[in-house]
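Peer 1: Let me see the structure of the following:
(chains A and B)
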Protein chains: 2
Amino acid sequence: MRVDVIANVDDIRSEDFIQKSAVVIDVLRATSTMITALAKGACGLLPVETVPEAQSKRSEHTFVGGERYYKKIPGFQAGNSPHEYMTGEIMGKLVVMTTSNGTRGLLKSQRASRLLAASFINGTACASALTAFERDVILLCAGCKNEFSLEDGLCAGMIIDAMESKFNRTLRLNDLGLAMKLAYQQCSHKLYETIMEGSSAKQLVKLGFAHDVEYCTGLDTVPVVPIAKSELILTPLY
Amino acid sequence: MRVDVIANVDDIRSEDFIQKSAVVIDVLRATSTMITALAKGACGLLPVETVPEAQSKRSEHTFVGGERYYKKIPGFQAGNSPHEYMTGEIMGKLVVMTTSNGTRGLLKSQRASRLLAASFINGTACASALTAFERDVILLCAGCKNEFSLEDGLCAGMIIDAMESKFNRTLRLNDLGLAMKLAYQQCSHKLYETIMEGSSAKQLVKLGFAHDVEYCTGLDTVPVVPIAKSELILTPLY
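Peer 2: Okay, the predicted model is just below:
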């Protein structure tokens, strides 16, 4: 089984996902928020690219959320903090989301056989699913402003480490995958402190979202795997 | 002091080097070969972009070498193996080199205040020089075919680790720099074995250059720092 880690959304073409399992990782905060929303009872997640597109989906059956530059979009029901999706309001609703990088990653990956949303909070559950699918894997780090983000790379390393050590897979890794596995293994005992040194976490702390960083770096705390098969609506994999 | 690690030559613009110290890292094999050539008595190194340009520089005062697709270019005096530059023939000569990625990285970085060529074999010497220059640093991993190469990233991690632990600098690192420091620290005791898992090393082994991989991953074995100041000729820093 081959596993490739990609540093950011611009480093891959949508054709590269064909016949593969794809995993989009945007730890701070888009994919952590999506996992949380499904765990709290949302019936599905629809990632969309633009703000008007998200607004046009507003109805009694949807819950519209998202951010630009880390901030909630005016008129939306929520921003991009997982804590805003822990409300009873989302029960049974389709969550429509647009974020700067995470949703862009999901849209880019939609030609994959199976498309998952991962973070530390569901990392081992994702590794288990990928192992069962028996297809080559692309771990797409959403990054930030076309740049690599530390926490997304470390989460890719965590998923690789779990596939190898917990599910006994022999993997062929690309060079970035090898490096991310090493980096994760070096800091797995102090993940929160390490991620706090990264640029996204620093920015979130400045904006008053330190509690989000803490929540999003919790290992396997929300073992729900959002998955899309034929169309781009993510639902929980059971 | 700020230190940014860049994953490959296409991820940066030449203007970004202005006022900074730049370090080009192409462990397998361009920068390792350049360091070796200076250590063995070449008077300087001139990186050039194209094969005809290299050929046009041929004279009794030059030694022309380089590769395309890992192989020596017909008519050149040497390929890109450091072992080909350990000959008495290069004594006192200007080495003219063209390689797929390493020389392209040097040409891209030439607007830096100071431009160094680094590998594991001169890593600590480079870290010492960068510390003394007191400027922000860009560590440019040459990579391979516009992709990140494991050994270049780990060498960037080694230089960062040395600047912090041996020269007591407090550094501000970008996210890739933080990840590469962690990855290096995780495998510093088994560097050769780790790099042998990477795609460049595997390719070199296939082509019969396993001894080059071993040589190029030796820590601090050739403490010579190739440096360019005003023009793009690298000479040893003493």
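Peer 1: going forward, measure contacts between C-alpha atoms and count neighbours the same way
Peer 2: OK.
Peer 1: Wait, a strand at residue A:96?
Peer 2: Yes. Counting by DSSP: H, G, I helix; E, B strand; the rest coil, residue A:96 is located in a strand.
Peer 1: Next one: it from residue A:37, what distance?
Peer 2: Noted for residue A:96: a distance of 11 Å to residue A:37, by CA to CA, to the nearest Å.
Peer 1: Between those two, which has more neighbouring residues?
Peer 2: residue A:37 (27 against 23; other CA atoms under 10 Å in any protein chain shown).
Peer 1: Quick one: residues contacting that one.
Peer 2: A:82, A:85-86, A:90, A:95 (CA atoms under 8 Å, 6 or more residues apart in numbering or on different chains).
Peer 1: neighbours of residue A:11, just the number please.
Peer 2: 13.
Peer 1: and what of residue A:134?
Peer 2: So residue A:134, with other CA under 10 Å, has 12 neighbours.
Peer 1: hang on, it packs against residue A:1?
Peer 2: Yes. Using CA atoms under 8 Å, residue A:134 makes contact with residue A:1 at a distance of 7.2 Å.
Peer 1: Secondary structure element holding the closest residue to chain B within chain A?
Peer 2: Chain B sits closest to residue A:183 of chain A, with a gap of 4.0 Å, by CA to the nearest CA. In the assignment (DSSP states H and E), residue A:183 maps to helix A:175-187.
Peer 1: who does the helix or strand of chain A with the lowest mean pLDDT pair up with?
Peer 2: Lowest by mean pLDDT, DSSP states H and E among the helices and strands of chain A is strand A:71-72, with a mean of 90. Note on strand A:71-72: by DSSP bridges, its sheet partners are strand A:62-68 (antiparallel).
Peer 1: mind checking how far residue A:138 is from residue B:78?
Peer 2: In terms of CA to CA, residue A:138 sits 39 Å off from residue B:78.
Peer 1: Who has more neighbours out of these two?
Peer 2: Taking other CA under 10 Å, residue A:138 and residue B:78 do not tie; residue A:138 has more neighbours (24 against 20).
Peer 1: Kindly indicate whether that one is helix, strand or coil.
Peer 2: Per three-state DSSP, residue A:138 ends up strand.
Peer 1: contact partners of the least confident helix or strand of chain A?
Peer 2: Contacts of strand A:71-72 (CA under 8 Å, 6+ apart): A:65-66, A:78-80.
Peer 1: Tally up the residues packed near residue A:128, please.
Peer 2: Based on other CA under 10 Å, the number of other residues close to residue A:128 is 16.
Peer 1: Test my guess that it contacts residue A:163.
Peer 2: Yes. Counting by CA under 8 Å, residue A:163 is a contact partner of residue A:128 at 6.9 Å.
Peer 1: Let me know the average pLDDT across stretch A:90-101.
Peer 2: Confidence over stretch A:90-101 (mean pLDDT, whole number) is 95.
Peer 1: same thing with stretch A:226-234?
Peer 2: Taken as a whole, stretch A:226-234 has an average pLDDT of 88.
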